[in-house]
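Q: Pasting the sequence and the predicted coordinates here, then a few questions.
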Amino acid sequence: MTPHTEHTKDTAPVTLLGLGAMGTALARAWLAAGHPTTVWNRTPARAEALAAEGARTADTAAAAVAAGGPVVVCLLDDASVGEVLGGTDLAGRDVVNLTTCTPEQARARAAWAGERGARYLDGGIMAVPPMIGVPESGAYVFYSGPRALFDRHREVLAVPAGTTYAGEDPGYAALQDMALLSAMYGMFAGVTHAFALVRKEDVDPAAFAGLLAGWLTAMAPAAHGIAAELTGGADPQEEVSALAMQVAGIPTFLDTARQQGVSAELLTPYFELMRRCLAEQRAARDPKGMVDLLRR
Ligand code: FVH
């Protein structure tokens with residue numbers, strides 16, 4: 001192992017496994033805040049720049065795990081986590097797994113870590129690498145697992161990004177991570193379709209982007225209205241965009257796409273759901289009906 005750079009500040013040590021784009025950003029944030037940081041990566045060359053910035057590099061994942069402090073894991077997927085941690089002694093260690101996974105994988109990984117004598121927190125990162133270590137970026141991480149374990153490491157975990165505790169169930173961080181990212185992909189689908197519609201026309205993409213961002217921002221609070229309907233707190237007088245009206249407008253969207261030479265493939269699944277919801281009259285209010293119709 002390379003020697004520690006001496007730190008004068010009283011900062012907790014941390015170990016990080018995985019130096020991809022996200023792992024490297026996390027390591028830089030801890031180093032910048034003066035935390036003794038031990039790093040390991042399958043491809044050692046990725047640790048070189050961090051070593052020059054003061055990181056301690058471990059030759060093996062086992063040596064990194066043994067170095068002390070919480071063991072933060074940021075690898076490609078759950079399979080790589082099993083592969084890497086499987087070759088280490090986890091007894092008595094606190095593992096914080098920030099690798100994106102499903103809720104079931106997170107629960108299974110928590111049990112797996114417990115069988116090896118480790119305490120386990122799962123995390124879901126709501127940020128891209130340039131947002132890490134930038135407090136005003138809005139970056140945060142969902143954590144789930146034992147509350148006491150979260151509290152024990154909260155200070156060090158709060159260095160790269162904000163922290164949001166999602167509950168004792170280890171699957172809840174991944175669940176909310178996946179839910180928010182799924183909504184993001186829905187938004188990207190809409191943005192992709194919108195740009196395709198205006199692509200060959202005399203519409204400035206930069207100016208159009210401003211319009212798109214403004215419109216999506218104006219529509220985003222609709223999430224609160226849907227929540228009110230799901231919890232029975234919606235005001236029946238407040239319906240402003242009836243499902244029947246919206247379904248009647250579907251041909252206009254499909255005809256516009258056809259006239260502009262654009263495939264409607266990103267929109268049609270949602271339109272189908274709207275039609276089914278109206279036909280089956282699942283609920284007096286369409287958002288609740290749509291959500292419930294999706295559940296199998
Ligand atoms: N980057 C992003 O925008 C997103 C933001 C939200 C959270 N994600 C998740 O973070 C995890 C890591 O993502 P990343 O961006 O760091 O990913 P890569 O740059 O591709 O680095 C992958 C690292 O995983 C190592 N690795 C892959 N397979 C193995 C394996 N079988 N054994 C050991 N290590 C493995 C890889 O090592 P190497 O290729 O450099 O040797 C990298 O360290 C991820 O869950 C995102 O969903 C990021």
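A: Perfect, thanks for sending it.
Q: Next up, the contacts around Leu180.
A: Neighbouring residues of Leu180 by CB atoms under 8 Å, 6 or more residues apart in numbering: Met126. No exception for glycine: its C-beta is placed from N, CA and C like everyone else's.
Q: Which helix or which strand is home to it?
A: In this assignment (DSSP states H and E), Leu180 forms part of helix 172-198.
Q: what about that helix, near the ligand?
A: No: applying CB under 6 Å from any ligand atom, one finds helix 172-198 separated from the ligand by no less than 7.9 Å.
Q: Next: stretch 141-148.
A: No: counting by CB under 6 Å from any ligand atom, the ligand is not contacted by stretch 141-148; separation bottoms out at 9.0 Å.
Q: Return the set of buried residues in that stretch.
A: Across stretch 141-148, burial judged by 16 or more other CB atoms under 10 Å covers Val141, Phe142, Tyr143, Ser144, Gly145.
Q: Do I have it right that the last one meets Ala110?
A: Yes: between Gly145 and Ala110 there is a contact under CB atoms under 8 Å: 6.3 Å.
Q: on that earlier part again, what's the closest of the buried residues of stretch 141-148 to the ligand?
A: Val141 (9.0 Å; CB to the nearest ligand atom).
Q: That closest one: what's it in contact with?
A: Val141 neighbours (CB under 8 Å, 6+ apart): 98, 123-127, 157, 160-164, 173.
Q: tell me the two of those residues that are most distant?
A: Across these, the longest distance by CB to CB is 15.3 Å; it joins Pro160 and Ala173.
Q: all helices for the stretch 101-250 of the chain, in order.
A: Using DSSP state H, counting those that start in this stretch, the helices of the stretch 101-250 of the chain run over residues 103-115, 147-157, 172-198, 205-219, 222-230, 243-248, 250-259.
Q: got JSON lines for the ones you listed, with mean pLDDT too?
A: Listed next are the helices of the stretch 101-250 of the chain as JSON lines, based on pLDDT from 0 to 100:
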{"stretch": "helix 103-115", "mean pLDDT": "98"}
{"stretch": "helix 147-157", "mean pLDDT": "98"}
{"stretch": "helix 172-198", "mean pLDDT": "98"}
{"stretch": "helix 205-219", "mean pLDDT": "98"}
{"stretch": "helix 222-230", "mean pLDDT": "90"}
{"stretch": "helix 243-248", "mean pLDDT": "91"}
{"stretch": "helix 250-259", "mean pLDDT": "98"}
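Q: possible to save those as JSON lines with distance to Ala91?
A: JSON lines is the format used below for those (distance: least, CB to CB, whole Å):
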{"stretch": "helix 103-115", "distance to Ala91": "10"}
{"stretch": "helix 147-157", "distance to Ala91": "16"}
{"stretch": "helix 172-198", "distance to Ala91": "24"}
{"stretch": "helix 205-219", "distance to Ala91": "48"}
{"stretch": "helix 222-230", "distance to Ala91": "43"}
{"stretch": "helix 243-248", "distance to Ala91": "56"}
{"stretch": "helix 250-259", "distance to Ala91": "58"}
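Q: which stretch among the ones you listed comes nearest Val14?
A: helix 147-157 (5.5 Å).
Q: list the helices and strands the closest one packs on?
A: strand 94-97, strand 119-126, strand 140-144, strand 162-167 (3 or more CB pairs under 8 Å, 6 or more residues apart in numbering; DSSP states H and E).
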